[in-house]
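Enquirer: have a look at this fold, sequence not included:
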């Protein structure tokens with residue numbers, strides 16, 4: 001293989017990487033922005049302890065995401081703190097782990113361990129919805145698994161439809177008089193306030209992303225020698241992104257609501 005061919009292969013691997021995990025990275029980035037501003041308003045309204053109002057449930061779910069990914073990707077967990085309310089360094093929780101640096105699988109796992117809170121946060125929002133707001137869960141489930149066409153649907157169409165379904169099924173008179181609905185609102189705000197990734201999470205995920213990129217280059221090299229169309233295979237796998245986007249839209253909407261709620265409380269406190 002000559003140099004131009006190898007450079008083409010590397011470029012192809014890069015675009016495959018974006019198609020596989022680009023949506024997850026984008027969701028994490030947007031959630032980070034929303035959470036940062038929500039925390040700013042919470043702090044302005046209630047002081048440095050303001051973030052602790054949501055940390056009691058949001059932080060453990062955040063750390064459980066890291067923990068579960070550690071188990072899936074074969075990392076050895078050495079120390080766990082799901083919540084500490086009086087941190088000296090501002091860290092509300094952590095999961096310390098070790099891995100075999102010669103294992104490509106475990107190196108790639110760093111990416112998914114770093115993004116673990118996104119999976120656990122979205123999963124918790126959906127689970128809470130299933131038990132506390134079943135009407136909304138049924139409407140979203142029907143759209144995502146029975147009506148959504150992942151081949152023809154565009155990003156904008158999916159986000160708009162998810163937001164529309166939630167607006168119609170969530171803000172109803174029946175829900176407003178249901179105590180379980182308000183319990184879910186509290187839980188959703190707590191969870192959404194702590195889904196975003198910390199600086200340490202991003203650094204760990206970045207190392208895993210590099211390993212995943214190298215693995216894709218190796219995969220494409222082998223596929224090239226074997227005459228296998230790796231592009232078509234990766235494209236089929238990447239179709240899952242539309243479902244990732246659909247579920248992520250739930251977290252994005254609640255993060256927006258959390259930001260709005262934090263801002264309104266801040267304005268109320270200073271008025």
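Expert: Done, it's in. This structure is a prediction, so every number in the text was calculated from the model and none was measured.

Enquirer: now the closest residue in space to residue 43 that isn't next to it in sequence, what are its backbone angles?
Expert: The spatially closest residue to residue 43, leaving aside those adjacent along the chain, is residue 50, at 4.8 Å (C-beta to C-beta, 6 or more residues apart in numbering). Every C-beta, even on glycine, is put in place using the N, C-alpha and C of the backbone. Backbone torsions of residue 50, given as degrees, to the nearest 10, read phi -60, psi -40.

Enquirer: from residue 112, how far off is the residue lying closest to residue 217 once chain neighbours are set aside?
Expert: Of all residues beyond its chain neighbours, the one nearest residue 217 is residue 13 (4.7 Å), with distances taken as C-beta to C-beta, 6+ apart. Separation of residue 13 from residue 112 (C-beta to C-beta, to the nearest Å) stands at 19 Å.

Enquirer: run a quick check on residue 249 versus residue 164, I expect a contact.
Expert: No. Between residue 249 and residue 164 there is no contact, the gap being 10.6 Å when judged by C-beta atoms under 8 Å.

Enquirer: which of the two has more neighbours?
Expert: residue 249 (23 against 11; other C-beta atoms under 10 Å).

Enquirer: which element is the nearest residue to the more buried one once chain neighbours are set aside on?
Expert: Distance criterion C-beta to C-beta, 6+ apart; nearest residue to residue 249, sequence neighbours excluded, is residue 162 at 3.9 Å. Residue 162 is located in helix 155-170, with elements delineated by DSSP states H and E.

Enquirer: would you mark the buried spots in that helix?
Expert: 158, 159, 161, 162, 165, 166, 169, 170 (16 or more other C-beta atoms under 10 Å).

Enquirer: next, format the residues you listed as JSON lines and append pLDDT and distance to residue 118.
Expert: Formatted as JSON lines, the buried residues of helix 155-170 follow (pLDDT from 0 to 100; distance: C-beta to C-beta, whole Å):
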{"residue": "158", "pLDDT": "78", "distance to residue 118": "17"}
{"residue": "159", "pLDDT": "78", "distance to residue 118": "16"}
{"residue": "161", "pLDDT": "83", "distance to residue 118": "21"}
{"residue": "162", "pLDDT": "82", "distance to residue 118": "16"}
{"residue": "165", "pLDDT": "84", "distance to residue 118": "21"}
{"residue": "166", "pLDDT": "82", "distance to residue 118": "18"}
{"residue": "169", "pLDDT": "82", "distance to residue 118": "23"}
{"residue": "170", "pLDDT": "79", "distance to residue 118": "21"}
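
Enquirer: from the chain's centroid, how far away is the helix or strand where residue 25 lies?
Expert: According to DSSP H and E, residue 25 maps onto helix 3-46. With C-alpha atoms, centre = their mean, to the nearest Å as the basis, helix 3-46 stands 10 Å off its chain's centre.

Enquirer: quick one, it and helix 155-170 angle?
Expert: 30 degrees (axes from the mean of the first three to the mean of the last three C-alpha atoms, to 10 degrees).

Enquirer: which stretches in this structure count as helices?
Expert: Using DSSP state H, the helices of the chain run over residues 3-46, 52-72, 104-114, 116-132, 134-142, 155-170, 173-176, 179-192, 199-226, 230-238, 241-270.

Enquirer: would you list those in TSV and tack on distance to residue 97?
Expert: Compiled in TSV, the helices of the chain are given as follows (distance: least, C-beta to C-beta, whole Å):
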stretch	distance to residue 97
helix 3-46	19
helix 52-72	5
helix 104-114	7
helix 116-132	11
helix 134-142	33
helix 155-170	33
helix 173-176	40
helix 179-192	23
helix 199-226	9
helix 230-238	27
helix 241-270	24
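
Enquirer: looking at those, spot the one closest to residue 94.
Expert: When the helices of the chain are compared by C-beta to C-beta, helix 52-72 sits nearest residue 94, at 6.9 Å.

Enquirer: what is the mean pLDDT for that closest one?
Expert: The pLDDT scores in helix 52-72 average 92.

Enquirer: residues contacting the residue nearest to residue 43?
Expert: The contact partners of residue 50, taken as C-beta atoms under 8 Å, 6 or more residues apart in numbering, are 39, 42, 43, 44.

Enquirer: cheers, nothing more for now.
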